[in-house]
Each structure stands twice: as structure tokens, then as C-alpha cells.
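**Q** how would this look folded up:
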Amino acid sequence: MRKYLALAAIVLGMPACDLLGNECGRTRPATYYDVQGVEAVVTLQPMDQPWTVVAPNGTVASREFRLRIGLKERHYTVVPVSGFISVAYACSPVPAGSLGSVERMDSLSITSLYNYDAQHPAGTPLTDLLVVDGRTRIPVPSRQNPLEPFRFAEISLLNPPAATGPQQFRVYYRQTNGETYIAETDLITLVR
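**A** Numbering: from 1, shown residues only. Modelled structure (predicted):
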């Protein structure tokens, strides 16, 4: 009887011990990600040079300013196993062939805790001043038009602030499932 119990424990325990192989990144089974949070950091991007993170209370020229936003993600997949047990694997980094997320973004707002210019006092969305990857306007999702999570974006400014001074940016991100995430950058001095 002990032999059968030991054999059953080994056979049923194999998927949990990864003895059947790690299934991350394969086209079958499907691999997804779950949004766990959002993070934001101010970087300095001089022309033709690598970017660097701006230290708290650091100074950056508006033309070299970049706001890097990224999602905190958890990757998972479900592996069907013959019989009555399924196995979930945590996958990291993002596996090739990921099928995305079932979650959708219905609100994204980027504001400053300080006055930016006359049209953008503290707490006003800066959407009309922001471009993604230097080319396109930042997407504006809504409850009627939710978008797939952006995962990562590098945002720059179209116009400099009205005056050189302190700026601290807040990212508000909400999903259709009700999850809300907020991230704030460190306080910096933004030079006109």
C-alpha cells in the first residue's frame, strides 16, 4: 500500500516539481500576462547618447525629458494535463508568442503636481502635450473604447513648461475590471 501511495505522490507531484518541462513561451499552451501595477521614472535622453535616470531633485531640459512608464506584470500559462489536474506556471521574462492580457485599459491620465503652463495648472491632464516614442500622441482610452494595456511607453513633451521649476508627474491607470494603479515620479526641476 505504501508503494502505491508513494507512486501516486510522485506521479501527481511531477507537474508541480517541473518534471514535465517548463511550458513557458510555447505556442501551446497559451501564455498571458496579468497587470499588477504601473511604474514611472523620469529619464534624461541627450541627442545620440544613452538615457539615464534623473536622480531625485535632479535637473533636466524639457527637450531631453522622457517619462518612461511600464506595467508591472505577472506571466502565467495553464498546461492541460491528462487526467483531472492542470498546472499553472509563472513565466518570466515575457515569453515569445505571448497571447497578451485579457485585461483592458479604460483610463490613462498623466498629470503634474505643479503648474505646467496657463492651460495646465497642477492636477490637469497633460495629454495634449505628450507624445509616445517621439511620434504619436498618447492614447486616450475610455470605458466605451478600452484599449489593450500599453506595457511600456517612453513619453516626451511637445512644448516646454511656462517657466523653469519643479515638476512631479503622476500616472493614473485604470482597467475595465476595476483595478486602479497610480505611480509618481521623483520631484525634478524641469528647465524650459
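**Q** The lengthiest strand in the chain: partners in the sheet, and parallel or antiparallel?
**A** The single longest strand within the chain, with elements called by DSSP state E, is strand 65-80. Sheet pairing for strand 65-80, assigned by DSSP bridges, gives strand 31-44 (antiparallel), strand 86-91 (antiparallel), strand 152-157 (antiparallel).
**Q** And the average pLDDT for that strand is what?
**A** For strand 65-80, mean pLDDT is 84.
**Q** same deal with stretch 166-182?
**A** Per-residue scores along stretch 166-182 average to 97.
**Q** quick revisit: which stretch among the strands paired with strand 65-80 comes nearest I110?
**A** Evaluated over the strands paired with strand 65-80, closeness to I110 peaks at strand 152-157, with 7.2 Å, by C-beta to C-beta. The C-beta positions use only the backbone N, C-alpha and C, and glycine is treated the same way.
**Q** can you pull out the helices in the chain?
**A** 2-13 (DSSP state H).
**Q** and the gap between the residue lying closest to Y172 once chain neighbours are set aside and S62?
**A** Distance criterion C-beta to C-beta, 6 or more residues apart in numbering; nearest residue to Y172, sequence neighbours excluded, is S109 at 4.3 Å. Using C-beta to C-beta, to the nearest Å, S109 is found at 20 Å from S62.
**Q** repeat for V131
**A** From V131 to S62 the distance is 13 Å (C-beta to C-beta).
**Q** Between the two, which contacts overlap?
**A** L157 (C-beta atoms under 8 Å, 6 or more residues apart in numbering).
**Q** Might you list the low-confidence residue ranges for the protein?
**A** By pLDDT under 70, the low-scoring segments of the chain are 1, 3-30, 78-98.
**Q** what residue is smack in the middle of it?
**A** L71 (1.3 Å; C-alpha atoms, centre = their mean).
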